Structure formats: C-alpha cells, structure tokens
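Novice: starting from these lines, generate the structure:
(one chain, ligands or ions: 1)
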Amino acid sequence: MQRPVFAANWKMHHGPSDARAFLRSFLAHYARRPDRQVIFFPPAVSLAAVVDGLRERQDIQVGVQNIHWEDKGAYTGETSAGMARDAGADLALVGHSERRHVFGETDEQTAAKVAAAVRAGLVPMLCVGEKLEERERGETESVVLRQLRAGIAKVEPHAVAGMLFAYEPVWAIGTGRNATPDDAAAIHGVIRRELLSILGEKAKAVPILYGGSVNRGNAQALLQAADVGGLLVGGASLDSEGWSTIVRT
Ligand code: PEP
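Specialist: Reported below is the predicted structural model:
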C-alpha cells in the first residue's frame, strides 16, 4: 500500500516570518514518519524560508502554488517552473480551483503548466473538481474527466505516472462542506480508472488526494475511502498544531 500524502496549501497566507514560526512549532510536534509523505505549498515569496526551515527534514517536501507556462519572458509578476525549482521546490500545484475560477485559468493553460513543470523537473500535482452547478446538473464525472484529460495532454505517459492528482470539488473548498467519503471514493474511482486506461498497472501507485474542507474531525474517514491516497488541505493547514494532528491521522 502507498503511504498517504498530506499536502498543505497555504494559499495567500504565511509570509516568510510566519512560515518560519509555523515550521518551528510544527517540527516540534511532528517527528519523522516514514509512513507519511508531507508536502507544503507556501506562497512563492515564502519558498526560500520554508526550504531553509526544512533543511534538517529532507522527509518533508516543498511545492509552489502556481507557475507560468513559459520558461522565461516578459510576464511581470509571474514565476517560472525553473525559478521555483531553483528556489528549492520539488512540486508544483497546477489547476487549483482558485486558479481556474478566480483567475480564469483554462484547461489549455493548465496543460501548458503541467508541461512546464515536467520540463523543469518539478512534479505536478494536478487538481480537478466540479462546481456546485455542474454537480447539480449531474456533470461531475464529465467535468473531472475533461479537466484530467486536458491537464495531461501535453506530457508523456511516463511523466503522468510520476504525477500526483487531487480531486477538489469546488463547492467543498473553504466552505466547511466536505464531500462524504463515499462521494470522494466514487470520483477517485473515476480518476483511477482513467489513469489505468492510460498507464496500466502503474496507475495503481499514483496518489489521488482529496481536498475540500478537510479538518481533524473528518480526515481519518476521508483517508479510509477507496482510492483516496492523501489529503490536500487549505484552511486547516494554517495552524501548526492542528496540521500536525491531521498529518498524524
Ligand atoms: C485547498 O485550498 O486546496 C483546499 C482544499 O482548501 P480548504 O481545505 O480550506 O477547503
């Protein structure tokens, strides 16, 4: 069995000073555990502080929340995958619902970002998930499959086999309303079957995380759902003690 992945998406919280303080407290509460994979996605400006704060803890990985699809150029305010890699990131979050629905990121741009991450040696974590109105129209499966297929369209299957995926229903993100373990299992099953059709047996080892209002009360049940290989957590990852409790689930 794969070890579960616990990924903290800090969104636009925790600048460098807060990030350092968070890690001092978190590391005091979380001893190295080989049966867990822990990842932090801090804001880009805090990457260096987090990489530095984790220099004695190579068991914990760091990712960037967003990258541009080009390797360099006149894109004021943007960060390339290569720059994030140079700053110490191992992974890149791609297609988060806030990127798609607040910043208008398209499937095409998401695919280009996945390809840029792979070119730079970052592992992409591709997020997919339906909006409430899409769910109510019975379109969950088709939306998730469209985003998944589009997101990996520009990379080779061997790169897909090294990626991580996250199912994050938009209606569950930051709302306090999580998917039930059964709902999560159903959609994770859809994603797994699609990956199996592309990758064969290798797809069984690809982590598919659930994200959307995970907290210390529901983490265990969600983690036990079929095909849920980890948790991607926003709000509940901002407090070091609470996050260390979730990671020890
Ligand atoms: C997220 O930002 O990826 C997320 C799942 O947020 P929250 O846990 O706050 O719903």
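
Novice: quick one: buried residues of the helix or strand where Ala186 lies?
Specialist: In this assignment (DSSP states H and E), Ala186 forms part of helix 181-199. Across helix 181-199, burial judged by 16 or more other Cβ atoms under 10 Å covers 181, 183-188, 190-192, 194-195, 199. Glycine gets a C-beta too; all of them are placed from N, C-alpha and C.

Novice: who touches stretch 146-159?
Specialist: The contact list for stretch 146-159 (Cβ atoms under 8 Å, 6 or more residues apart in numbering) reads 94-95, 107-108, 110-112, 114-115, 118, 126, 128-129, 160, 163, 165, 191, 194, 198-199.

Novice: now do stretch 220-228
Specialist: Stretch 220-228 has contacts (Cβ under 8 Å, 6+ apart) with 4, 178-179, 181-182, 184-185, 188-189, 191-192, 208-210, 214, 230-231, 249.

Novice: can I get the CA coordinates of it in PDB?
Specialist: The C-alpha coordinates for stretch 220-228 follow below in PDB (Å, rounded to 0.1, in the frame of the first residue of the first chain):
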ATOM      1  CA  GLN A 220      -9.500   9.900   9.000                       C
ATOM      2  CA  ALA A 221     -12.800   8.900   7.400                       C
ATOM      3  CA  LEU A 222     -11.800  10.600   4.100                       C
ATOM      4  CA  LEU A 223      -8.400   8.900   4.100                       C
ATOM      5  CA  GLN A 224     -10.000   5.500   4.500                       C
ATOM      6  CA  ALA A 225     -12.200   5.900   1.500                       C
ATOM      7  CA  ALA A 226     -11.400   3.700  -1.500                       C
ATOM      8  CA  ASP A 227      -8.700   5.200  -3.800                       C
ATOM      9  CA  VAL A 228      -8.100   8.200  -1.500                       C
END
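
Novice: wait, does that stretch make contact with the ligand?
Specialist: No: judged by Cβ under 6 Å from any ligand atom, stretch 220-228 makes no contact with the ligand; its nearest approach is 11.2 Å.

Novice: could you pull up the mean pLDDT of that stretch?
Specialist: Averaging pLDDT along stretch 220-228 gives 97.

Novice: now it: how far from the chain's centre is it?
Specialist: 16 Å (Cα atoms, centre = their mean, to the nearest Å).

Novice: and for stretch 108-118?
Specialist: Distance of stretch 108-118 from the chain centroid (Cα atoms, centre = their mean) equals 15 Å.

Novice: and what of stretch 130-140?
Specialist: In terms of Cα atoms, centre = their mean, the centre of stretch 130-140 is found 21 Å from the chain centre.

Novice: same thing with stretch 16-24?
Specialist: Using Cα atoms, centre = their mean, the offset of stretch 16-24 from its chain centre is 21 Å.

Novice: tell me the buried residues in it?
Specialist: Pro16, Ala19, Phe22, Leu23.

Novice: and the closest residue to the ligand within the chain, what's its pLDDT?
Specialist: The ligand sits closest to Gly234 of the chain, with a gap of 2.3 Å, by Cβ to the nearest ligand atom. pLDDT for Gly234: 98.

Novice: residues near the closest residue to it other than its chain neighbours, how many?
Specialist: Excluding the flanking residues, the one nearest Gly234 by Cβ to Cβ, 6 or more residues apart in numbering is Asn9, at 4.9 Å. Asn9 is flanked by 26 other residues according to other Cβ atoms under 10 Å.

Novice: same thing with the one 5 residues further on?
Specialist: Residues within reach of His14, counting by other Cβ under 10 Å, total 23.
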